[in-house]
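S.K.: My questions are about this predicted structure, shown below with the sequence.
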Amino acid sequence: MGAVGISVANMNIFSKCLNCGSMYFPFKYLDVNIGGNPKKVDFWRPIIHKIKAKLSMWKGKLLSMAGRHCLIKSVQ
């Protein structure tokens, strides 16, 4: 469980009630850093690497714009 805008003590109480663990910022969700700074290049580097890897496998130069859009959606 990750929470924004509440104290750590309240988050721990809620996580015990829900029988789940606690997460602290920054953490990863779907391989994207949550709580990171999107203005920094390091924030986007893993996402760009995944897209480049997928495009190289699919021969990205041959994909239409709709195909590229679908591929980006599948990587997210």
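M.R.: Structure received. This is a predicted model, so every value here is computed, not measured.
S.K.: Please enumerate the helices of this structure.
M.R.: Taking DSSP state H as the criterion, the chain carries its helices at 8-18, 41-57, 65-75.
S.K.: Which of those sits closest to Gly2?
M.R.: helix 8-18 (8.2 Å; CB to CB). In this view, the C-beta of every residue, glycine as well, is placed from N, C-alpha and C.
S.K.: Report the central residue of this protein.
M.R.: What sits nearest the mean C-alpha location of the chain, by CA atoms, centre = their mean, is Val32, with 1.9 Å.
S.K.: Look up how far Asn12 lies from that one.
M.R.: Here Val32 is placed at a distance of 25 Å from Asn12 (CB to CB, to the nearest Å).
S.K.: for Ile6, same thing?
M.R.: 10 Å.
S.K.: before we move on, what about Met57?
M.R.: Taking CB to CB, one finds Met57 at 43 Å from Asn12.
S.K.: Comparing the two, which shows the higher neighbour count?
M.R.: When neighbours are counted by other CB atoms under 10 Å, Asn12 comes out ahead of the other of Met57 and Asn12, with 13 against 9.
S.K.: who are the neighbours in contact with that one?
M.R.: Ser22 (CB atoms under 8 Å, 6 or more residues apart in numbering).
S.K.: So, low pLDDT: which residues of this structure?
M.R.: In the predicted model, the chain carries pLDDT under 70 at residues 1, 58-61, 76.
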